[in-house]
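S.K.: below: sequence and its predicted model.
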Amino acid sequence: MEIVEVSPIHKHPLLPITRFSREHCKCNVCGSVGYIYGGYCCNEVGCESMFHKECVESLSEIKHTSHPDHPLKLLISDKASFCSRCEGRFENGYICSICDFKLDFRCAKGPAPLLILEKSNLHEHLLEFFVGWHSWKGHRECKACGGAGFRGYRWYGCYQCDTLFHGECAEFFPEAKHTSHPQHTLKHITSEEAPDYADNKCLLCEEEFDQQHPKIHHCDVCNFTICRACMKNAPPVRIESLTTHEHQLHLVPRRIDFTCNACGTLGDRSPYFCLQCNFMIHRQCIDLPRVININRHDHRISYTRRLGHGEWKCKVCRKKVDGFYGAYTCLKCPSFVVHSLCATRNDVWDMIELEGMQEEEEIAPYEMIDANTIKHFSHDHNLQINNDGHGRIQPENIVCEACVFQILSEPFYSCNQCSFILHEKCANHPRKKRHVCNNTSFILFTDSCNKANASCGLCKQHFTGFRYESGPYVTIDVRCAAILDTIEHGSHQHPLYYYTTFDWKPCSRCREEGAVLFRCDECDYILDGNCALFPKKVMRNRYDDHLLFLSFGDKNVSGDYWCEACETKVNPKEWFYTCNDCGTILHISCVVGDFSYIMPGSHITTWRANVVSNTSICRPVCYMCNSRCKLPSVLKLSDTKVDVYLCSFKCAYFIRK
């Protein structure tokens, strides 16, 4: 696949594409909004810029009919001036070094407009093209469509009536021809003026006609209706894309039920069709990327036109995949299959095409020195494996530097020269991985031991220890990074799946609403990230010498339990922690608090305070709520003359307010 390595219009390499853009988008050079076919896209993480082919391949010097006296030279990113033709803001385009004449890309693409429309169906008087927007004294709205006007539009005006018309309305009003419907002209009307039998969606792109998209073009004879965007930017009637199909594809601009060969989903209008093969495809599925990474899998996945017979299930939506249509598979994991449209969702795919690109070599998190010794990239000294304590809980102050959890009975690595300790499983966390929380890869950072201002994007808890970051905004702790998009939770009989939604839903346990949640596909059970990821077992504490296990309540028990920490009632039908040996019962809020995932001794700059252990016999009193601090860690203000303790971030917020 040929990549444009250097282009004057963009700082990153550009990838040629023959597909349509996935939605109405903006060309980053000329600023035009609409489907882009046969253009270029940026193949850098997080950029996602799209370009018309002719904009990328623009000549360094042109001659234009709007300025015939001198040649115009290409100029990129000049944001301090305006186009001499449309008076819109000039960002990219052509300039005349002699006359200070500037022509943006939109105006440079087409011929100069007629200066005078002598005969027009729009108006009884002559219409003159003008660019002096600031000098127009009449009404600044189009008489044909009612649309408002502003700088940057092409306008025709009648100086006798002080009447304006968009340049597009002058072309399309009251009717005009279109390549997808050459037999009749299409009338320019509003969606309210359309007959009752007309479709309420564009025949070509499925855009719904509403108050935001009221302008339509309609043929009464054929009941053919399209939107303004498709009228301006007609899709090609023929397409050649060898990565999609070996033959030329033809547009069928009509209502027709079909199954797309590329994605296996139903369509009801305007497919591209190969008569030789009976092949039909959505226009947005033309030239799907061949090789990509998605956030549900650590390996690359590749597009295949047909899986063949078999029982396949999509790893994103969990619905059946028809093997006789296109899908994505993993060459290393034969059972991993994803629908074409699921794999290329913006929240799943990182928008980078990998065909022809060398696969990144995985970097191990540590170097093996010998059978019992490693050199982990996070630490300056060698670490020794310790299996002697298997089955025994280590002292309470021995916690893992990565997850900040106590070393219970698992194998761990320790440093003979300092107090650095890692669980064996934490030492094996990859330096780079993919996770359902974001569509780009996550990088492991180990320098956060004293940065307790970080909060995990999945469980929402403040934490120290190792962290994974994806881009500048998404951070998760290593505990949550090990969670897949599916969890088996003891509180529910069905699997729970990761979702993000703008329609916030209440958690079935705490009733708090959130956008990140784990949801059951079979019933209405929902857990937010915090409740879904409570630790199943926690370190021992002042109330018990054994492990405490998370219990999800017993619906058959009547009466109440009593919490050993706060000495108040515990509803046996709700979640709580219990000791299987002693029967000790504690509220979840008396075991897991705001500082449970923060290394004691860490300084929190936001509150000008330190997290300290609460292990003494006499528990301190919270300065704000005046209750005994019952959790294993509390907050101690560092800028006060007397000791001030706080039991939660809520109390810290009020004292600093």
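M.R.: Cool, got the structure.
S.K.: where in the stretch 151-300 of the chain is pLDDT low?
M.R.: 151-154 (pLDDT under 70).
S.K.: please redo it, this time with the cut-off set to 50
M.R.: Regions of the stretch 151-300 of the chain meeting the criterion pLDDT under 50 are absent.
S.K.: at which residues are the helices of the stretch 451-600 of the chain located?
M.R.: Remark: helices assigned in the stretch 451-600 of the chain by DSSP state H, counting those that start in this stretch are 478-481, 529-532.
S.K.: need those helices in CSV (columns: mean neighbour count).
M.R.: Bear in mind the C-beta positions are built from the backbone N, C-alpha and C, glycine included. What follows is the helices of the stretch 451-600 of the chain, written out as CSV (neighbours: other Cβ atoms under 10 Å):
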stretch, mean neighbour count
helix 478-481, 22
helix 529-532, 22
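S.K.: turn these into JSON lines, columns for mean pLDDT.
M.R.: JSON lines is the format used below for those (pLDDT from 0 to 100):
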{"stretch": "helix 478-481", "mean pLDDT": "93"}
{"stretch": "helix 529-532", "mean pLDDT": "92"}
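S.K.: out of those, flag the one nearest residue 192.
M.R.: With Cβ to Cβ as the criterion, residue 192 lies closest to helix 529-532 of these, at 45.4 Å.
S.K.: relative to residue 599, which of the helices of the stretch 451-600 of the chain is closest?
M.R.: Here helix 478-481 is closest among the helices of the stretch 451-600 of the chain (Cβ to Cβ), at 13.3 Å.
S.K.: from the rest of the structure, what touches the closest one?
M.R.: By Cβ atoms under 8 Å, 6 or more residues apart in numbering, the residues outside helix 478-481 that reach it are 402-403, 405, 426, 429, 433, 435, 437, 442, 444, 456, 458-459, 465-468, 529, 533, 535, 597.
S.K.: okay, and the residue most central in space within the chain sits in which element?
M.R.: Residue closest to the mean C-alpha point of the chain, counted by Cα atoms, centre = their mean, is residue 347 at 3.8 Å. Using DSSP states H and E, residue 347 maps to neither a helix nor a strand.
S.K.: wait, it sits on residue 440?
M.R.: No - contact criterion Cβ atoms under 8 Å: residue 347 and residue 440 do not qualify, at 10.8 Å.
S.K.: what do these two both touch?
M.R.: residue 295.
S.K.: and residue 314, how far from residue 320?
M.R.: 8 Å (Cβ to Cβ, to the nearest Å).
S.K.: oh, I was asking about residue 536
M.R.: Residue 536 is 33 Å from residue 320, where distance means Cβ to Cβ.
S.K.: ditto for residue 652
M.R.: Residue 652 is 51 Å from residue 320, by Cβ to Cβ.
S.K.: same check, this time on residue 573
M.R.: For residue 573 relative to residue 320 (Cβ to Cβ), the value is 38 Å.
S.K.: need the pLDDT of residue 118.
M.R.: Looking at residue 118, its pLDDT stands at 60.
S.K.: kindly apply the preceding question to residue 23 instead.
M.R.: 59.
S.K.: residues contacting the closest residue to the residue nearest to the centre of the chain other than its chain neighbours?
M.R.: Distances taken as Cβ to Cβ, 6 or more residues apart in numbering place residue 439 nearest to residue 347, at 5.6 Å, with adjacent residues excluded. Listed by Cβ under 8 Å, 6+ apart, the contact partners of residue 439 are 294-295, 346-351.
S.K.: show me where the stretch 201-350 of the chain has strands.
M.R.: Along the stretch 201-350 of the chain, counting by DSSP state E, counting those that start in this stretch, strands occupy 215-219, 224-227, 238-239, 249-251, 255-259, 266-269, 272-274, 279-281, 291-292, 301-304, 312-313, 320-321, 327-329, 337-339.
S.K.: out of those, which gets nearest to residue 357?
M.R.: Nearest of these (Cβ to Cβ): strand 291-292, 7.8 Å.
S.K.: which helices and strands sit right next to that closest one?
M.R.: strand 301-304 (3 or more Cβ pairs under 8 Å, 6 or more residues apart in numbering; DSSP states H and E).
S.K.: so for the strand it packs on, mean pLDDT?
M.R.: Rounded mean pLDDT across strand 301-304 is 95.
S.K.: so how many other residues sit close to the closest residue in space to residue 353 that isn't next to it in sequence?
M.R.: Residue nearest to residue 353 in three dimensions, not counting chain neighbours: residue 289, with 4.5 Å by Cβ to Cβ, 6+ apart. Neighbour count for residue 289, taken as other Cβ atoms under 10 Å: 23.
S.K.: is it true that residue 289 touches residue 303?
M.R.: Yes - between residue 289 and residue 303 a contact is recorded at 6.8 Å, counting by Cβ under 8 Å.
S.K.: give me the buried stretch members for stretch 573-591, please.
M.R.: Neighbour counts over stretch 573-591 (16 or more other Cβ atoms under 10 Å) mark 575-579, 584-588, 590-591 as buried.
S.K.: try stretch 523-540
M.R.: For stretch 523-540, a neighbour-count test (16+ other Cβ under 10 Å) marks 525-535, 538-540 as buried.
S.K.: show me how far that stretch is from its chain's centre.
M.R.: The gap between where stretch 523-540 is centred and where its chain is centred comes out at 25 Å by Cα atoms, centre = their mean, to the nearest Å.
S.K.: using CSV, write out every CA atom in that stretch.
M.R.: Taking C-alpha atoms only, stretch 523-540 is exported to CSV below (Å, rounded to 0.1, in the frame of the first residue of the first chain):
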residue,chain,number,x,y,z
CYS,A,523,-31.6,-9.1,32.4
ASP,A,524,-31.4,-5.6,33.8
TYR,A,525,-28.6,-6.2,36.2
ILE,A,526,-26.0,-3.5,36.2
LEU,A,527,-22.9,-2.7,38.2
ASP,A,528,-20.8,0.4,38.0
GLY,A,529,-17.0,0.1,37.8
ASN,A,530,-16.5,0.6,41.5
CYS,A,531,-18.9,-2.0,42.7
ALA,A,532,-18.0,-4.5,40.0
LEU,A,533,-14.3,-4.4,41.0
PHE,A,534,-14.4,-4.6,44.8
PRO,A,535,-11.6,-6.9,45.8
LYS,A,536,-12.8,-10.4,46.4
LYS,A,537,-10.5,-10.8,49.4
VAL,A,538,-8.7,-8.2,51.4
MET,A,539,-5.8,-8.2,53.9
ARG,A,540,-6.3,-8.8,57.5
